[in-house]
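Q: predicted model and sequence below, questions to follow.
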Amino acid sequence: MRLLTFLFLCTFLWACSGSMKYDRAYYEAFPSYDDIALSYYVEHPNYPRGEYVKFQKQKTGWYVYLINVSTHTVNDSIHIWDAKKQAYLDKYKFTAEKKSKSDEVKKGLNTVLANKIRRYRRFDYYINPLAGYDNAHLDVIDLFEGADLKKLTVDEIQGLARAYNRATILSYGSLHNGTQPEGVDIEAGQKYAAKALEIFGYLKDNHPKHEGIVGEMPVKYNASCMDYWLFAQYNGIDGTAYLNKADYPAAMVAMAKNYLSSCPQNAILITYGDNDTYPLWYVQEKLEFRKDVIVLNISLLASNRNLDYMHKQYVTSGKLKLSFQKEDYEKKGFDYMLLSDGLNAKYLPRYLSLAKIVADESDAQRRILPKDFYLSAQDTSVTISINSNYIDKGGLILLDLIQNNIYERPICWTDSRSNSVLEALKKHEENLGLVEILNLKQSNPNAFGINIVQHEKLKNYFLNEAEWASAAERNVVKEAVRPSSNVLFAAYLKLLSHYVEEDPASAHQLIDHLLKSLPPSEITYGQMGTIFAQILADTAINRNKDALIVLDNYANSFKEAIQRSKLKNTTGYFTFLPMKTEEELRKNWLEGLSILKTTADPKLTAKLEELTILIEK
């Protein structure tokens, strides 16, 4: 009898140890974020002046909070959907009339909501049972305590990993807020980080093709490693363990090296997001590759904490020069300043001095700078016009970096669309591989965006520096490397088009070099495939057999694009921006085919007809 009792207790305790509070059926009954947003915006199509809307997915249902823009206090709250009743409350209940009205709202839903709620927040509403309020991440961790990951859906696992990631960020201190945020708890941060990496590692190993915001799971795992490595730098602790855990796939290593090898010696490289920043730091710090380049992320330039680190890491050592000091960028008035085209342009040093003065204005409407300024370097002076109504802290720091370092270090960037200042410099950029280089002597580039004197530089880059990841390597992290791979291939095609006309021998040399790294069967660059096929079929090149293989790839890429569109148009959390319909995709891919000119080769002609039928049907 005692043995039976003992066995019963052991079984009971074992069962309890693996139990969790999460009730899947209960939370699956919650309406989606889009449905809740629709039910609210149908009743309130216009944004209230001086307020912003915040949606909260709590245990008891969905809530809408109206927050005062200035004070960030709650002006009003609405319980819009009740979990216990599983019903919309009051006037928010859907009727047939409202459903019809909501369809009109839904046409513009993705673009409207993309402006009303940050992309990653919307993502959290879809994969987490609770989201949108302070400490929601801790409630999610509590719900899944004791869970067996093998019994959870992939979205539930990712939601739990992101909850631990959020706890890590808040324990270590946010990347963006303050110089040394209150409540930093290094020990807690290390524990949460270990758990987050354990779960992201599980996703990487068991669901490698599942996508998050920054790409597939191997990308997210490595981005988290580098996140925590950066937190360690900020907090003055050793982050080597996180760096050692990182292990970027080959295609991302090649991509990172291509970014860095595109830069001149000792350049400053301004990057945009996770995937053009963290892999670069990884290859610099772990692989000791091109450490002469200083990589600075544009969004982090607005973070006081990052600016403190930048001063310590680069300014104090003399590697960078900055005129703005801690007492400047910590002023509230430095967060953003209005721009006016009614003020006279100033030379950049004077412009920056004026920014220091107007930052002291207590009235935001009086913190005004000119839209235009003069930038001088390389024995050249140009007028730069910022096409925006304001400039933020990151933009001011960027101008300071340019002014104080342009004579000693080349200024490069990965994406001019990431910042209004970089956009203003666009007509003075010189392309080299994956980066743009500030060149004040260049203005009004030709149709290809490449200055004539660059061709030999680019040719040398593609023959001696560029790394082409194989199709199999790219497929591991396809979504993460797709943008940079396409940019690199587009630059290659622009250069190749020039040499086909001007120097066929150099064109042959470039094609031979590429096809040694990538056989024709691995030239999978979507709609750009037809441009390459056209070049291969040109009488000066005469590689029609290779052109046929590339066109087969075009067909496969088209099928993949259609399949992906269908998936993303039916999966809520991917609809951050409007997705093209199947009809729009078919039209675009037919336009891609039109690039190919009439050919005398009967096999190519037949292939074009075959592709046209495939895309049109």
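A: Sure thing, it's come through. Numbers count the residues shown, from 1 in each chain.
Q: grab the most central residue of the chain for me.
A: Geometric centre of the chain, nearest residue: Gly273, 4.5 Å, by C-alpha atoms, centre = their mean.
Q: and the gap between that one and Asn128?
A: Taking C-beta to C-beta, to the nearest Å as the measure, Gly273 and Asn128 are separated by 22 Å. C-beta coordinates here come from the backbone N, C-alpha and C atoms, glycine included.
Q: what of Tyr499?
A: For Tyr499 relative to Asn128 (C-beta to C-beta), the value is 52 Å.
Q: the two: which is more packed in?
A: Asn128 (24 against 21; other C-beta atoms under 10 Å).
Q: and for the closest residue to the more buried one other than its chain neighbours, the neighbour number?
A: Residue nearest to Asn128 in three dimensions, not counting chain neighbours: Gly159, with 4.1 Å by C-beta to C-beta, 6 or more residues apart in numbering. By other C-beta under 10 Å, the residues close to Gly159 number 24.
Q: for Gly159, I want the exact helix or strand it lies within.
A: helix 154-172 (DSSP states H and E).
Q: could you pull out the buried residues of that helix?
A: Residues 156-172 are the ones in helix 154-172 that count as buried (16 or more other C-beta atoms under 10 Å).
Q: next one: stretch 501-512
A: Quick answer for stretch 501-512 (16+ other C-beta under 10 Å): 506-508, 510-511.
Q: quick revisit: following the helix holding Gly159, which helix or strand comes up?
A: helix 186-206.
Q: and the closest residue in space to Asp335 that isn't next to it in sequence, what does it touch?
A: Leaving aside its chain neighbours, Asp335 sits nearest to Lys393 (5.5 Å; criterion: C-beta to C-beta, 6+ apart). Lys393 makes contact with 301-302, 329, 334-336, according to C-beta atoms under 8 Å, 6 or more residues apart in numbering.
Q: low-confidence stretches in the chain?
A: Low-confidence segments of the chain, defined by pLDDT under 70: 1-19, 46-48, 93-122, 174-183, 443-453, 565-580, 597-600, 617.
Q: helices of the stretch 451-600 of the chain, start to end?
A: 455-464, 471-476, 478-502, 504-517, 529-537, 544-570, 582-593 (DSSP state H, counting those that start in this stretch).
Q: mean neighbour count, the ones you listed: which tops it?
A: helix 529-537 (a mean of 23; mean count of other C-beta atoms under 10 Å).
Q: what's in contact with that one?
A: 493, 496-497, 500, 507, 511, 523, 525, 541, 543-544, 546-547, 550-551, 553-554, 557, 592-593, 595-597, 599, 601, 604.
Q: do the same with stretch 549-568
A: Residues contacting stretch 549-568 (C-beta under 8 Å, 6+ apart): 520-521, 523-527, 529-530, 532-533, 536, 574-575, 579-582, 585-586, 589, 592-593, 604, 607-608, 610-611, 614-615.
Q: just to check, Tyr88 is in contact with Ser39?
A: Yes: using C-beta atoms under 8 Å, Tyr88 is in contact with Ser39, at 6.1 Å.
Q: tell me, how many neighbours does the closest residue to Tyr329 other than its chain neighbours end up with?
A: Computed as C-beta to C-beta, 6+ apart, the closest residue to Tyr329 that is not its neighbour in sequence is Leu307, at 5.4 Å. Number of residues near Leu307 (other C-beta under 10 Å) recorded here: 24.
Q: residues in contact with Leu307?
A: Leu307 touches 301, 326, 329, 397, counting by C-beta under 8 Å, 6+ apart.
Q: tell me the contacts of Pro218?
A: 204, 208, 248-249, 476-477.
Q: next secondary structure element downstream of the helix or strand hosting it?
A: Secondary structure assignment for Pro218, by DSSP H and E: helix 217-234. Where DSSP H and E defines the elements, the next helix or strand beyond helix 217-234 is helix 240-245.
Q: by contact count, what packs against that next one?
A: Packing contacts for helix 240-245, counted by 3 or more C-beta pairs under 8 Å, 6 or more residues apart in numbering; DSSP states H and E, involve helix 217-234.
Q: how far away from the center of its chain is the helix it packs on?
A: 15 Å (C-alpha atoms, centre = their mean, to the nearest Å).
Q: that one vs helix 154-172, what angle?
A: Orientation check (axes from the mean of the first three to the mean of the last three C-alpha atoms, to 10 degrees): helix 217-234 against helix 154-172 gives 10 degrees.
Q: for helix 217-234, buried residues please.
A: Quick answer for helix 217-234 (16+ other C-beta under 10 Å): 217-232, 234.
Q: what's the neighbour count on Pro208?
A: Count around Pro208 with other C-beta under 10 Å applied: 15.
Q: apologies, that question was intended for Glu187.
A: 8.
Q: any idea how far it lies from Gly239?
A: 15 Å.
Q: do Asn544 as well
A: 53 Å.
Q: ditto for Ala547
A: Ala547 is 49 Å from Gly239, by C-beta to C-beta.
Q: what do you get for Thr581?
A: 45 Å.
Q: settle it for me: which of the two has more neighbours?
A: Gly239 (18 against 11).
Q: which residues touch the nearest residue to the more buried one once chain neighbours are set aside?
A: Take Gly239 and drop its neighbours on the chain: the residue closest to it by C-beta to C-beta, 6+ apart is Ala232, 2.8 Å away. By C-beta under 8 Å, 6+ apart, the residues touching Ala232 are 172, 238-239, 242.
Q: mind doing that once more with 7 Å?
A: 238-239, 242 (C-beta atoms under 7 Å, 6 or more residues apart in numbering).
Q: distance of it from Leu320?
A: In terms of C-beta to C-beta, Ala232 sits 21 Å off from Leu320.
Q: again, but for Leu339
A: 26 Å.
Q: would you mind giving the helices of the stretch 451-600 of the chain as a markdown table with distance to Val64 added?
A: Shown next, in a markdown table, are the helices of the stretch 451-600 of the chain (distance: least, C-beta to C-beta, whole Å):
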| stretch | distance to Val64 |
| --- | --- |
| helix 455-464 | 53 |
| helix 471-476 | 41 |
| helix 478-502 | 32 |
| helix 504-517 | 54 |
| helix 529-537 | 47 |
| helix 544-570 | 26 |
| helix 582-593 | 33 |
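Q: quick check: which of these is nearest to Thr73?
A: Proximity to Thr73 (C-beta to C-beta) singles out helix 544-570 among these, at 37.6 Å.
Q: that closest one to helix 529-537, inter-axis angle?
A: 180 degrees.
Q: neighbours around the spatially closest residue to Asn553 that is not a sequence neighbour, how many?
A: Counting by C-beta to C-beta, 6+ apart, Asn553 lies nearest to Thr524, which is 5.0 Å off, once chain neighbours are set aside. A total of 20 residues lie near Thr524 under the criterion other C-beta under 10 Å.
Q: so Thr524 makes contact with Ala472?
A: No: applying C-beta atoms under 7 Å as the test, Thr524 and Ala472 come out as separate, 10.6 Å apart.
Q: quick revisit: closest to Cys412 among the contacts of Lys393?
A: For those, the nearest to Cys412 is Leu301 (14.8 Å; C-beta to C-beta).
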